[in-house]
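Engineer: fold the stuff below for me.
(4 chains)
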Number of protein chains: 4
Amino acid sequence: MIKEEIERAFRELSNWGRWGVDDQIGTLNNVTPQKIAAAARLIREGRVFALGASLKWPLQSTPNKGRWNVIHSYMQDGADAHAAFIDGMVEYSDDAIHMPVQCSTHWDALCHTFHGGQTYNGGDARDFRSKGPPKLGIEHTANRMAGRGVLLDIARFKSVDHLENGYTISNQDLDDCAAKQGVSVGQGDFVIIRTGYQERFLNSGNWHTHSYSAAPGVAFENCYWLKEKDVAAIASDTYAVEVVPASADGYGFPWHSVAIPSIGVTVGEMLYVKELAEDCARDGIYTFFFCAPPLNLPGGTGSPINPQAIK
Amino acid sequence: MIKEEIERAFRELSNWGRWGVDDQIGTLNNVTPQKIAAAARLIREGRVFALGASLKWPLQSTPNKGRWNVIHSYMQDGADAHAAFIDGMVEYSDDAIHMPVQCSTHWDALCHTFHGGQTYNGGDARDFRSKGPPKLGIEHTANRMAGRGVLLDIARFKSVDHLENGYTISNQDLDDCAAKQGVSVGQGDFVIIRTGYQERFLNSGNWHTHSYSAAPGVAFENCYWLKEKDVAAIASDTYAVEVVPASADGYGFPWHSVAIPSIGVTVGEMLYVKELAEDCARDGIYTFFFCAPPLNLPGGTGSPINPQAIK
Amino acid sequence: MIKEEIERAFRELSNWGRWGVDDQIGTLNNVTPQKIAAAARLIREGRVFALGASLKWPLQSTPNKGRWNVIHSYMQDGADAHAAFIDGMVEYSDDAIHMPVQCSTHWDALCHTFHGGQTYNGGDARDFRSKGPPKLGIEHTANRMAGRGVLLDIARFKSVDHLENGYTISNQDLDDCAAKQGVSVGQGDFVIIRTGYQERFLNSGNWHTHSYSAAPGVAFENCYWLKEKDVAAIASDTYAVEVVPASADGYGFPWHSVAIPSIGVTVGEMLYVKELAEDCARDGIYTFFFCAPPLNLPGGTGSPINPQAIK
Amino acid sequence: MIKEEIERAFRELSNWGRWGVDDQIGTLNNVTPQKIAAAARLIREGRVFALGASLKWPLQSTPNKGRWNVIHSYMQDGADAHAAFIDGMVEYSDDAIHMPVQCSTHWDALCHTFHGGQTYNGGDARDFRSKGPPKLGIEHTANRMAGRGVLLDIARFKSVDHLENGYTISNQDLDDCAAKQGVSVGQGDFVIIRTGYQERFLNSGNWHTHSYSAAPGVAFENCYWLKEKDVAAIASDTYAVEVVPASADGYGFPWHSVAIPSIGVTVGEMLYVKELAEDCARDGIYTFFFCAPPLNLPGGTGSPINPQAIK
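Structural biologist: Predicted coordinates:
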């Protein structure tokens, strides 16, 4: 892939201005109330799948790369509470978390990725200083993360436990998998792609090389697929959705450079989909109600989440 | 109120053992798949209300009380991204949060409150040391926070913008309000009580005395109501749900001391309910699909949340 | 005071280039090995005064201003250690701190203050992005913070417990006080000014309005005094050294705007000097060996310190 | 080594009660004013060596072991300051650190290590709960960390760049080295042992296996040496001072179990001694004035430090 391909896709696929000059949420605009109401009818039996990875899994296994695993500290524990009891005081425990918003299962906000110093919908990256971005923070999506979810279980479709590192999921793969599963991806869907990547680490118990390393994922051409399908958001069980390394001279994450700042797609990463995928394989139903609210974090470049798939 | 009342309620209302000796989620067991499926049918028009307070609101306005407002730091901002562009590198921003899990809108986990050194279902508080609790962490509720939500808008029922500090909501108030609203609170419901407390601070812009101060809330007798109604969880727009100060000699939060460790009720605090309440007043429908997933934080004494009410 | 005064002082007092274009430490260059050896001879009796304020004092008493008091968390406490003993494991406790480097007693590094977008010695503020400054971090002073200390006890000189908020210490005050004390401030000295401000809060136990509020301190003209005396560094028991508010139209901290980026003076704030001052008053000796090493924090805009005055 | 040896040493070497039942600082009591004044006379030429490792070195290279490398975040950077200038506001930068107090160069406080659930001077570990220890915090040493420093350069004495992992430094090694260097270790000295361990990582640039791994260090018998010499404190360039692994059945750090809670020795770890050692080798003078103030952190199990050796 050459730089020109990225520049061309960036221009051709742009949704800038499509929802007005002040738009803050990009393709989440595709989720209409009607679609939400329709998606609710996918809840038939009341089974709920939590897609948030355990915050104890050391997904940030590469030290000193700028992110870290959640630091979870107790200001008061049960032994303190017991002592409070003896002292006749209130008995409670208390804790705190210190975490990069993107260190485990999370949404990438539209202010997370830039290209050529530009943000989605034509902002200047330099206006986003240490106090936070003037626009496109995750808070704008606080009530926009509900709708129809579709699982595309590429690993199962390929009859493997997990795709190999570097495996590049083509648009044809996605369409063939959808056809095999009997689903049609459409406007306003929340698409979740399963590669089996996370489960491989879970099975081995060795998280070394989880992040900042080779991984399977979608091809750069997936940008065109996203635009054509006009989905609401896309997510996966890997840390980047796109294949790593991508064959893009000088661009570490070329798909990100188009999907987020040009198309305006919110991206979900490191979802835990094992149990949902098993359930879908069992009943053959790959669609569900999806609800994945971010924290209401003004200026967040993303948010930790625990997405819910409800069937 | 005297200590004996608390002890009596603790004994009489106990759900210990009701769902087995290994139960970790208490009254959330009341939410059956059938109830979830039924609740989904409350989504008729696809309107979504985000009930998470902005993490920029300084809800922890009393300094040096052990909790603090979220510390939100950027490891990379847009200016860095712009420079990365010039250097031909990946352009992205990155941030982190350091926050008590209970500093803004949150769930209290069952391991958050003790009484007499005991936890819900008969654990010993002293087994919960600095590394976290052996049981009852918020992670056990990761896929249990969906079902029917019911708003009891006590402030509106009382025809006030907000209940005064110290106003004690009786069980009769709750039942009368429900009757007026045409709803019946029942087993497995997620009940949300609106006092207008948070909106008072929002309107004034002065958050001084928000936390650790006087507030309206439910009476101690509400414990009996919770047990009788057998709800899944209870939440409010205040920081304690119960009235502060409570007239309990030596007990700062007597309702907590029974509701959580004896009855096993998960408690939601500091929810933002203004817009939901206005919508309910407008259409007269006070029930909705409720989805409020916690972060999957093993051993969390609670979790920040952005609950979704969907009608 | 008008803006022109600041600009004039900035130009006239500049030490840019004086110690070379690559200089990173400004007036700390004035501390020669000879001066250090001479200062050591001030240690006659071996009395040591720790000038670091307790990190439990809530010096950041104004909430939501960007800094916070140290968050001190234990990863393991003694109860855990006791359990480890029972389990036959290593018995230890462990803790962590999360603090702004400038929230308590600290040095301001030369990269802490800019003027007109310029740093000391002619750098561009914009080159200091989220990953830290290219120059002038506190690490460059790691072995430069030892020499002769001089206390100027202005409060005692004025026969008050503490100077009133807004009291402006003139250069004449400093010279008169020095004369009265029998000391002569000279090149390479570490000057500490006592106002009694911190002790006022200590005595009352009420820290409200400690930071970001009115305080006594040196006049703007002190910039000229600093340049003339050619001191190594200047410090005080207030949070800003200079008087707050300063009568500088549109400039919150005009003395900072000249002292740091033009003259290149490292500034110490919030020192605890009560006991040292009492000792100096007792024996009439206001000079001592001073050793105040910063943490070796590359790119730090300052560092928490616990300065030592040794007589 | 067997457990009985540890128990015997713990009993035989105890300093409990030696400085009163309320003593908080153990062997630091050995540093008298006279010794400090005498030590000051070791400052002859005014050369200062900073012994604090850079806080950017990833000394905590083993992930998920409970400690982490310093997290250094900027609340405001120079680009913000530049914008503030344009807006006519105060121009400054600001940053914060989140670090275990023991993640880089630090003192272990006497409350850091226990044995048999007991602290130095007879406290019960269980009284040290989540809010901190009732006694023995690092704050008690705030003005006690100055005196005579002695470097024992074991690596140079053994004519190697660094001792091999697992090399056990005997008491004979220490005494022979001291004799070769022409120094006599005595009461109240701050002893620093150089193994070359840290320099090995510095030279390779690969910090993998730095902490929680094999390292050279003093033998268990060093406890007897500490007691006999009656030093003030002992420090080294390794992360544990003692050899790792120690041949102590079931005891990870047997020397710690005696040195700290029985003898009451404050321990310094991960000091950067390369340049100091080179200077000592050059001039043959291995003693110096030593000043290593901890932060004034009440209840700290230790403190990050930047010790100063001044000759």
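
Engineer: look up how far chain D lies from the spatially most central residue of chain A.
Structural biologist: Centroid-nearest residue in chain A: A:Gly268, 0.5 Å away (criterion: CA atoms, centre = their mean). Applying CB to the nearest CB, to the nearest Å, the value for A:Gly268 to chain D is 25 Å. No exception for glycine: its C-beta is placed from N, CA and C like everyone else's.

Engineer: and chain B, is the strand or helix carrying that residue touching that?
Structural biologist: Here A:Gly268, judged by DSSP states H and E, is contained in strand A:266-269. No. Shown here: strand A:266-269 not in contact with chain B (CB under 8 Å from any CB of the partner chain), separated by at least 11.3 Å.

Engineer: next up, the contacts around the residue in the stretch 101-250 of chain A positioned nearest to chain B.
Structural biologist: Chain B sits closest to A:Phe128 of the stretch 101-250 of chain A, with a gap of 2.7 Å, by CB to the nearest CB. A:Phe128 makes contact with A:Cys111, A:Thr119, A:Pro134, B:Asp77, B:Gly78, B:Ala79, B:Ala81, B:Ser93 under the criterion CB atoms under 8 Å, 6 or more residues apart in numbering or on different chains.

Engineer: against A:Trp225, how distant is it?
Structural biologist: From A:Phe128 over to A:Trp225 the distance is 29 Å, taken as CB to CB, to the nearest Å.

Engineer: just A:Asp237 next, same as before
Structural biologist: Separation of A:Asp237 from A:Trp225 (CB to CB): 18 Å.

Engineer: close to chain C: what parts of chain A are there?
Structural biologist: By the rule CB under 8 Å from any CB, the part of chain A lying against chain C is A:Ile71, A:Ser73, A:Tyr74, A:Met75, A:Asp77, A:Ala79, A:Ala96, A:His98, A:Ser130.

Engineer: which one of A:Asp237 and A:Trp225 has more residues nearby?
Structural biologist: More neighbours surround A:Asp237 than the other of A:Asp237 and A:Trp225, with 30 against 20 (other CB atoms under 10 Å in any protein chain shown).

Engineer: grab the nearest non-local neighbour of that one.
Structural biologist: A:Gln198 (4.4 Å; CB to CB, 6 or more residues apart in numbering or on different chains).

Engineer: helix, strand or coil: sort out the one you found for me.
Structural biologist: helix (DSSP: H, G, I helix; E, B strand; the rest coil).

Engineer: same thing with A:Lys227?
Structural biologist: Assignment for A:Lys227 (three-state DSSP): helix.

Engineer: any idea how far the residue lying closest to it once chain neighbours are set aside lies from chain C?
Structural biologist: In space, and not counting its chain neighbours, A:Lys227 is closest to A:Leu13: 4.5 Å by CB to CB, 6+ apart. Computed as CB to the nearest CB, the A:Leu13 to chain C distance reads 29 Å.

Engineer: circling back to that earlier point, taking the residues of chain A next to chain C as a set, which two sit the farthest apart in space?
Structural biologist: Comparing every pair within the residues of chain A next to chain C by CB to CB identifies A:Ala79 and A:Ser130 as the most remote, at 39.3 Å.

Engineer: so the helix or strand bottoming out on mean pLDDT in chain A versus helix C:78-86, what angle?
Structural biologist: None of the helices or strands of chain A scores lower by mean pLDDT, DSSP states H and E than helix A:78-86, at a mean of 81. Angle, helix A:78-86 to helix C:78-86, by axes from the mean of the first three to the mean of the last three CA atoms, to 10 degrees: 120 degrees.

Engineer: is helix A:78-86 anywhere near chain D?
Structural biologist: Yes. Contact of helix A:78-86 with chain D (CB under 8 Å from any CB) involves A:Ala79, A:Asp80, A:Ala83.

Engineer: strands paired with the next helix or strand after that helix, and their directions?
Structural biologist: Going down the chain from helix A:78-86, the next helix or strand is strand A:94-100, by DSSP H and E. If you go by DSSP bridges, strand A:94-100 pairs up with strand A:71-76 (antiparallel), strand B:94-100 (antiparallel).

Engineer: tell me who's in contact with the residue nearest to A:Lys227.
Structural biologist: A:Leu13 touches A:Cys223, A:Tyr224, A:Leu226, A:Lys227, A:Val258, A:Ser262, A:Ile263, counting by CB under 8 Å, 6+ apart.

Engineer: and it, what's its pLDDT?
Structural biologist: If you check A:Leu13, the pLDDT there is 98.

Engineer: what's the local residue count around A:Asn296?
Structural biologist: 28.

Engineer: touching, it and B:Phe49? I think so.
Structural biologist: No. Using CB atoms under 8 Å, A:Asn296 is not in contact with B:Phe49; the gap is 12.0 Å.

Engineer: which residues touch the nearest residue in space to A:Gly300 that is not next to it in sequence?
Structural biologist: Spatially, and ignoring its direct neighbours in sequence, A:Gly300 is nearest to A:Ile138 (3.8 Å; CB to CB, 6+ apart). Going by CB under 8 Å, 6+ apart, A:Ile138 touches A:Val101, A:Trp107, A:Ala109, A:Cys111, A:Pro294, A:Leu295, A:Leu297, A:Gly299, A:Gly300, A:Thr301, A:Gly302, A:Ser303.
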